[in-house]
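> Quick one: sequence plus predicted model below, questions after.
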Amino acid sequence: MGKIGIMGGTFDPIHNGHLMLGEQAYREYQLDEVWFMPSGHPPHKKNQNITDPDLRLAMTKLAIHGKTGLVCSDFEVRRNGNTYTAQTLRLLREAYPQHQFFFIIGADSLYEIEKWYKPDQVLSQAVVLAARREYEDAHASMERQIAYLYTKYNADIRILHCKEMDISSAILRERIANGLSVSEYVPRDVLTYINDQGLYQEKDKA
């Protein structure tokens, strides 16, 4: 049985915070691989102007190229219609019954997960690795949330000891649209691709 981390997201664009989270999960939990899986058609962002999936997949490939244990997966991009995490995990378990899956999330998602589509199925189909916030009060709050989700869903949630990068893809898109540098937040090859493709130039992009 392989231990496979799943790092999902729109990755619009992928940035160093995503990579840091995936690499920490790979090391801390001795995973065999971490699959970076750009979402195809995320239902919670259907009113936003999401970059074409093939372009986001290309940026993801560039970002993880040469990084040990990190793999780019087109599993969600190839699916039609809305891509829900609960469905993705079910399909992954059907396609790869030999693997155990570890679903990697940031701290904020731990508190939002009950608003997701069929959270009980998300929490029953994978071990959840949740990034720990830096400050002490939030750490205690995370422990309470983990205990609550364990009691309600019998969820296996483990803390991922990773510093969270104070940046988001939305902020990066805005900086690029305003002509500001993002080189400290985005892998060099990804930044070159963004410039070559003329991505995120419109200031009104969601």
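Nice, thanks for sending it over.

> which residue sits closest to Asp120, ignoring its sequence neighbours?
Closest residue in space to Asp120, ignoring its immediate chain neighbours: Tyr153 at 5.6 Å, by Cβ to Cβ, 6 or more residues apart in numbering. Any C-beta I mention is one placed from the backbone N, CA and C, and that applies to glycine too.

> Return the residues in contact with Val157.
Slight slip there: residue 157 is Ile, not Val. Ile157 sits next to Leu110, Leu123, Val127, Val128, Leu129, Ala130, Ile146, Leu149, Tyr150 when contact means Cβ atoms under 8 Å, 6 or more residues apart in numbering.

> for it, which residues make a bridge with it?
Going by DSSP bridges, Ile157 is paired in beta bridges with Val128.

> What segments of this protein are strands?
Applying DSSP state E to the chain gives strands spanning 2-9, 33-38, 70-72, 99-105, 127-131, 157-160.

> residues in contact with the first one?
Contact with strand 2-9 is made by 18, 21-22, 25-26, 29-39, 76, 85, 88-89, 92, 96, 98-104, 126, 129, as judged by Cβ under 8 Å, 6+ apart.

> May I ask you to name the longest helix in this structure?
helix 136-153 (DSSP state H).

> Identify all contacting residues around that one.
107, 110-111, 113, 119-120, 123-124, 130, 132-133, 155-157, 159.

> how big is the angle separating that helix from strand 127-131?
Per axes from the mean of the first three to the mean of the last three Cα atoms, to 10 degrees, the angle that helix 136-153 makes with strand 127-131 is 160 degrees.

> that older thread, pick the most buried one from the strands of the chain.
Among the strands of the chain, strand 33-38 has the highest mean neighbour count (mean count of other Cβ atoms under 10 Å), at a mean of 24.

> Could you list every helix and strand in contact with that strand?
strand 2-9, helix 16-28, helix 53-64, strand 70-72 (3 or more Cβ pairs under 8 Å, 6 or more residues apart in numbering; DSSP states H and E).

> Provide the strand pairings for it, with the direction of each partner.
In the sheet, strand 33-38 lines up with strand 2-9 (parallel), strand 70-72 (parallel) (DSSP bridges).

> who touches that strand?
2, 4-11, 14, 18, 22-23, 25-26, 53, 56-57, 60, 63-64, 69-77, 88, 104.

> wait, Phe102 sits on Asp156?
No - assessed by Cβ atoms under 8 Å, Phe102 is found out of contact with Asp156, at 9.4 Å.

> Can you work out which residues contact both of those two?
Val127, Val128.

> follow-up on the earlier one: for the strands of the chain, which one sits closest to Glu174?
Of all the strands of the chain, strand 2-9 sits nearest to Glu174, with 17.6 Å by Cβ to Cβ.

> I'd like the mean pLDDT over the closest one, please.
Throughout strand 2-9, pLDDT has a mean value of 96.

> how close does Tyr84 sit to Asp156?
Distance from Tyr84 to Asp156, counting by Cβ to Cβ, to the nearest Å: 20 Å.

> again, but for Ile146
Taken as Cβ to Cβ, the span from Ile146 to Asp156 is 10 Å.
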